[in-house]
Every structure is written in structure tokens, then in C-alpha cells.
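Student: Predicted model and sequence below, questions to follow.
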Amino acid sequence: KRLTEKFRKPLGLLSHCFLISVPWTAVSTNSSLFYTVSFVSLVLTAAYAAALHLGMFQLNSIASQVLRLGGTSDAVEAARIRRAVVLVKSQKTL
């Protein structure tokens, strides 16, 4: 247990890197398909995905405030909890 506590942050970053590598691997195996897609279509798709992600991020932020996630006893702690919930939700939309 001490070892995991000592390396908590690097292990978390490593976990995120492994999570990122899954879609990257899927994309790289189908890289030949990129040559058949026009550059404009690729840019529009990326822009649409970014807009969708930002929209979901905003919706999650508003919902966490409306639902008063984190309680109301300590405003700073409640804001931290809401921020954590929004970040986890936004990771799930990716």
C-alpha cells in the first residue's frame, strides 16, 4: 500500500496514457482509411466532436450546480466536488 501511495500521481498518469492509447491504436490500425477522407471532412468532424464535447461539458457543469452536488455545508468543498464530478463526466463523453 505504501508503494501505491508513493507513486499515486505517476500511476494515475500512466493509467490515463493507457486509456488514451486504446483509441489511438484503433485509429492507427485503420490509418489507410484516412487517405480516402477529404481534409475538410476530417476537420469538420473534429470541430463537431470538439463542439459536442464542450456542449456536454457545459451541460454537466450546469446540471451539477442545479442538482447541488457536493452539498451546501462548505462552499469551497462543494465547488471542488462539483468540479471533480464535471471532469469525470467530461472524460466519459470522450
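Tutor: Great, that's in hand. Numbering: from 1, shown residues only.
Student: Tell me which residues touch the closest residue to Arg82 other than its chain neighbours, please.
Tutor: Beyond its immediate neighbours in the sequence, the residue positioned closest to Arg82 (Cβ to Cβ, 6 or more residues apart in numbering) is Ser64, lying 4.4 Å away. C-beta: built from backbone N, CA, C; applies to glycine. When contacts are counted by Cβ atoms under 8 Å, 6 or more residues apart in numbering, Ser64 touches 70, 82, 85-86, 89.
Student: which among those residues gets closest to Ala46?
Tutor: Nearest to Ala46, judged by Cβ to Cβ, of the contacts of Ser64 is Lys89 at 21.3 Å.
Student: how far does the longest helix along the chain sit from the chain's center?
Tutor: Looking only at the chain and at elements set by DSSP state H, the helix with the highest residue count is helix 39-66. The chain centroid and the centroid of helix 39-66 are separated by 11 Å, computed with Cα atoms, centre = their mean, to the nearest Å.
Student: re the thing from before, let me have the contacts of Ser64 in TSV, adding secondary structure as columns.
Tutor: As requested, the contacts of Ser64 are exported to TSV (DSSP: H, G, I helix; E, B strand; the rest coil):
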residue	secondary structure
Gly70	coil
Arg82	helix
Val85	helix
Val86	helix
Lys89	helix
